[in-house]
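> Got a sequence here, can you model it:
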Amino acid sequence: MDGTSRNRLWTIAALLLGLYVVGFFVFVFTLPKAPAGSAHADGIVALTGGDSRLDVAEALLEQGAGKRLLISGVYAANTKQELKRIVHGGKRFDCCADLGFTAQSTRGNAAEAANWVRAHGYRSLLIVTANYHMPRSLHEFTSQMPEVRLVPYPVAEDDVDVEAWWTNPHAFHVLHTEYAKYLATLFFSALEWPKAAGGKHRRSSREA
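Residues are numbered from 1 along each chain as shown. Below you'll find the predicted structure:
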């Protein structure tokens, strides 16, 4: 490889790195915030990963923000009574909270929630998860149920200070890891899109 080719490669690498860094800042500074007013949808889904998410989701259920609550990604050993104790469940928890045990990833959460939403005939969904996890969650949920209106309800995790992440190595690690996962999700979705579009086209042709 001659000097001109090496310089070109270094230039491309520097541009890609610059885009990656700029993208990270955009990702962090555009993370969604909880709605200022009341939020409402047909159903509520909470993605496990922190007690604060479940506390917020349970409070929304008790306030009537949704008809039912799905807690997605629950460990198989957990019971509904144990979760009720953890989140200080109120009157509606026994009748209107469902546990999902199959999800082991964000994509799994989306698939689990999509089945639940369709089983109940819901047209809108409140998504409760960490603020830094919301962009990837919205992407996966939209892919699984594009016909459903999604209402984000991000939660600020106590151990991840999004406002001053540069002063906290743990917060920086969590945010950077989530940013990388988000980019990977977008990349693989882009690879899958032509196959999905081709399948829809073939089905439409057969139906025609």
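> Now the most centrally placed residue in the chain: which helix or strand?
What sits nearest the mean C-alpha location of the chain, by Cα atoms, centre = their mean, is residue 137, with 1.7 Å. Element membership for residue 137 (DSSP states H and E) is helix 134-144.
> And that helix, what's buried?
134, 135, 136, 137, 138, 139, 140, 141, 143, 144 (16 or more other Cβ atoms under 10 Å). (Each C-beta comes from the backbone N, C-alpha and C, glycine too.)
> and it, C-alpha only, in PDB?
Extracted in PDB, the C-alpha atoms of helix 134-144 (Å, rounded to 0.1, in the frame of the first residue of the first chain):
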ATOM      1  CA  MET A 134     -35.500   4.600  25.500                       C
ATOM      2  CA  PRO A 135     -34.100   5.300  21.900                       C
ATOM      3  CA  ARG A 136     -33.300   1.600  21.400                       C
ATOM      4  CA  SER A 137     -36.500   0.500  23.000                       C
ATOM      5  CA  LEU A 138     -38.600   2.700  20.700                       C
ATOM      6  CA  HIS A 139     -36.800   1.500  17.600                       C
ATOM      7  CA  GLU A 140     -37.400  -2.200  18.600                       C
ATOM      8  CA  PHE A 141     -41.100  -1.600  19.600                       C
ATOM      9  CA  THR A 142     -41.800   0.300  16.400                       C
ATOM     10  CA  SER A 143     -40.400  -2.500  14.400                       C
ATOM     11  CA  GLN A 144     -42.600  -5.100  16.100                       C
END
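> Check the gap between residue 140 and residue 42 for me.
19 Å (Cβ to Cβ, to the nearest Å).
> and if you look at residue 165?
For residue 165, the distance to residue 42 - Cβ to Cβ - is 34 Å.
> how about the strands in this protein?
43-47, 68-72, 97-100, 124-130, 149-155 (DSSP state E).
> So which of these is the most surrounded?
Highest mean neighbour count of these: strand 43-47, a mean of 29 (counted as mean count of other Cβ atoms under 10 Å).
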